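S.K.: any chance you can model this:
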Amino acid sequence: MTLRTKPTVITYPVTLLALLISSTSLLVSAAGEDHPKQSFIQHQSHQHGLVEFNIAQQGKQLLIEVQAPGSDLLGFEHAPETDQQQRQLQAAQDQLQQPQQLFSLASAAQCKLLSVDVQHNLAPPVDGEHATKDEAKEHEEHEEHAGKDDAKEHEEHEEHEEHEEHEEHEEHEEHEEHEEQGEHGGFSAQYQYRCDNIKGLKQISSRWFEHFPASEKIDVQLITDAGQKSLSLTANQAVIGF
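M.R.: Numbers count the residues shown, from 1 in each chain. Alright, predicted model coming up:
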């Protein structure tokens, strides 16, 4: 079975469309006339050690989006295979649900957290798909051999071996493709704030590296009423200046 990862779509009832540009990892579209919404389509960053922050501010609205590879948070980028890995996944989700531990916003800005949305694409495969494939294979093999007579038994045996080798080759390729797809597992988190005194928000300090030390760098895209800029954060420099 081959797992194919699709972009995660998050919908927010906010009006930050004009702030999000193509240089970020976000593709924005408007949906609905009576209740305008935006669809933020995330494309996971697949570079180990590299996280993305996309920050947009308009008026009193502040939106922070985080894109992180699974390896930075878990040490793996596939669906959990053990109880320990499942606990690691749950712990990472719990941590991402607490933005106050990841970001420090100046109290003077009077920012209130309105919503948190955390998603990942490390879900296990659907049960039964392998079983269905095996049953179909067994049925085909039974029909193939049922009508053969003893005179062709040796030929059938050779064909059967060749068929098995072909299937083993296909399954091996399928397994390799599954592993390649699984390497792209990651997380997406969005935090929406309302800041009553946005002029008091001069910077945002990140504590990301304290909680996820496997990350080496954070690429930041910042768009505010004052303009836009890009910067990088490291464990030694984790402050985003507005």
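
S.K.: could you report the neighbour count for the nearest residue to residue 208 once chain neighbours are set aside?
M.R.: Spatial nearest neighbour of residue 208, excluding adjacent residues (C-beta to C-beta, 6 or more residues apart in numbering): residue 102 at 5.6 Å. (C-beta placed from N, C-alpha, C; glycine too.) Using other C-beta atoms under 10 Å, residue 102 has 20 other residues around it.

S.K.: kindly report the same for the one 3 residues further on.
M.R.: By the criterion of other C-beta under 10 Å, residue 105 has 21 neighbours.

S.K.: ok, it touching residue 113?
M.R.: No - if you go by C-beta atoms under 8 Å, residue 105 and residue 113 don't touch, sitting 9.3 Å apart.

S.K.: overlap of the contact sets of those two?
M.R.: Counting by C-beta atoms under 8 Å, 6 or more residues apart in numbering, the common neighbours of residue 105 and residue 113 are residue 193.

S.K.: show me what counts as buried in stretch 107-126.
M.R.: 109-111, 117-118, 120-122 (16 or more other C-beta atoms under 10 Å).

S.K.: now for the residue nearest to residue 208: which residues touch it?
M.R.: 66, 95-96, 206-208, 211 are the contacts of residue 102 under C-beta under 8 Å, 6+ apart.

S.K.: relative to residue 85, how far out is it?
M.R.: 22 Å (C-beta to C-beta, to the nearest Å).

S.K.: likewise for residue 100?
M.R.: 27 Å.

S.K.: neighbour count: the two, which is higher?
M.R.: residue 85 (16 against 10).

S.K.: so the residue nearest to that one when sequence neighbours are not counted, which state does it fall into?
M.R.: Spatial nearest neighbour of residue 85, excluding adjacent residues (C-beta to C-beta, 6+ apart): residue 76 at 6.6 Å. Secondary structure, DSSP: H, G, I helix; E, B strand; the rest coil: residue 76 is coil.

S.K.: just the pLDDT at residue 76, thanks.
M.R.: Looking at residue 76, its pLDDT reads 90.

S.K.: surely it touches residue 84?
M.R.: No - using C-beta under 8 Å, residue 76 is not in contact with residue 84, being 10.7 Å away.

S.K.: and the two? which has more neighbours close in?
M.R.: Each of residue 76 and residue 84 has its neighbours counted (other C-beta under 10 Å); residue 76 has more, 17 against 9.
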